[in-house]
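Undergrad: sequence below, structure please.
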Amino acid sequence: MLPGLSVTRLIFAGTPDFAVPSLQALLDSSFAPQLVLTQPDRPAGRGQEPQPPPVKRLAAEHGLEIAQPERLDDVRERIESIKPEVLVVVAYAHKIPYWLLTLPPLGSMNVHASLLPRYRGASPVAAALLNGDAEAGVSIMRLAEGWDTGPVFRQRSIPIEPHDNAGTLTDKLASLGASLLVEVLQLRVRGMITPVRQKEALATYAPRLTKEDGRIDWSKPASRLAREVRAYTPWPGSFTHWDGKLLKVLAATAREPSLESRPIGSVVEGLEVVTGAGTLRLEQVQLEGRKPMAAAEFLRGQPAIVGARLE
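TA: Alright, predicted model coming up:
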């Protein structure tokens, strides 16, 4: 352990579902936070009523002190009064200012959902699926001023299963990161682990996704589109249009048989769509205003889609 230190003063910063397992893991260990920083409540749902972020809900259940500043500088005085020994950041959605990065003597730790330096940035899970990677992982890193550029304490990986989409894989990585975070903290307070600098030459970047990323371009190969459907589920979602209505594609698989004589975007038997190379079998879809349906059920109710062209 570093001289004179025991982790009795920890600050946690996080916002979405991905951060919840890490906060829970800290609560279940000897690292309960003295302050939880999270984003302000935002409008959500049909009524657009302000909703608390998932981290706030968990923190409130445990009676933790919560702050939801628009800017961290607004709560600087409170943070400095705690004299935190370590800061843990998990998908907080705000850049941490230099004064806070350097405040805790044990450093500022971050749980990132990739095997750094691969997939720095906002969408590492989607990037792993888009690229057809065999595995994904988490990194516990020391925060630096650059985006995801800090040295790494430890990493752990898991295989990407054929049925995984961004939602299921993110959940797995959230749990993996939570357990690894506690492991690294236990070693850190004993002075038994130091971070290793990332290899800049190997760095890649995963930019933030937009809604438009989910629009299906049927000229792409079916294999690529199948990866996009997985990478964009649940958000931004893969979508196309049929008969003037939005059609969401929730699950799909690529098939190799070529139907070169049919126009790209044409729907054939079995709810398969002609692509730039091969066909994409739509396994689960949701037509605008309807519930999600498996292909067979959808075809029974909407047989006219066979022979149509999706756009």
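
Undergrad: identify the residue nearest V249 in space, chain neighbours excluded?
TA: The spatial neighbour of V249 that comes closest, neighbours along the chain excluded (CB to CB, 6 or more residues apart in numbering), is S238 at 4.5 Å. Glycine gets a C-beta too; all of them are placed from N, C-alpha and C.

Undergrad: surely that neighbour meets L246?
TA: No. The pair S238 and L246 does not pass the contact test of CB atoms under 8 Å, sitting 11.2 Å apart.

Undergrad: pick out whichever of those two has more residues nearby.
TA: For S238 versus L246, the count of surrounding residues by other CB atoms under 10 Å is larger for S238: 25 against 13.

Undergrad: do a quick rundown of the strands in the stretch 101-250 of the chain.
TA: Defined through DSSP state E, counting those that start in this stretch, the strands belonging to the stretch 101-250 of the chain, from first to last, are 108-112, 120-121, 135-142, 152-159, 205-206, 238-242, 245-255.

Undergrad: list the helices and strands the first one packs on?
TA: Same thing as strand 108-112. Applying 3 or more CB pairs under 8 Å, 6 or more residues apart in numbering; DSSP states H and E, one finds that strand 108-112 makes contact with strand 86-90, strand 135-142, helix 166-189.

Undergrad: out of those, which one sits most buried?
TA: Sort the helices and strands packed on strand 108-112 by mean neighbour count, taking mean count of other CB atoms under 10 Å, and strand 86-90 sits at the top with a mean of 25.

Undergrad: neighbouring strands for that strand, and are they parallel or not?
TA: Strand partners for strand 86-90, identified by DSSP bridges, are recorded as strand 10-14 (parallel), strand 108-112 (parallel).

Undergrad: in JSON lines: those strands, plus distance to V36 and mean pLDDT.
TA: Formatted as JSON lines, the entries for the strands paired with strand 86-90 read as follows, by distance: least, CB to CB, whole Å; pLDDT from 0 to 100:
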{"stretch": "strand 10-14", "distance to V36": "5", "mean pLDDT": "98"}
{"stretch": "strand 108-112", "distance to V36": "15", "mean pLDDT": "97"}
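
Undergrad: now do stretch 283-290: everything it contacts.
TA: Contact with stretch 283-290 is made by 242, 245-253, 271, 292-295, 298, 302, as judged by CB atoms under 8 Å, 6 or more residues apart in numbering.

Undergrad: what is the neighbour count of A296?
TA: A296: 10 neighbours (other CB under 10 Å).
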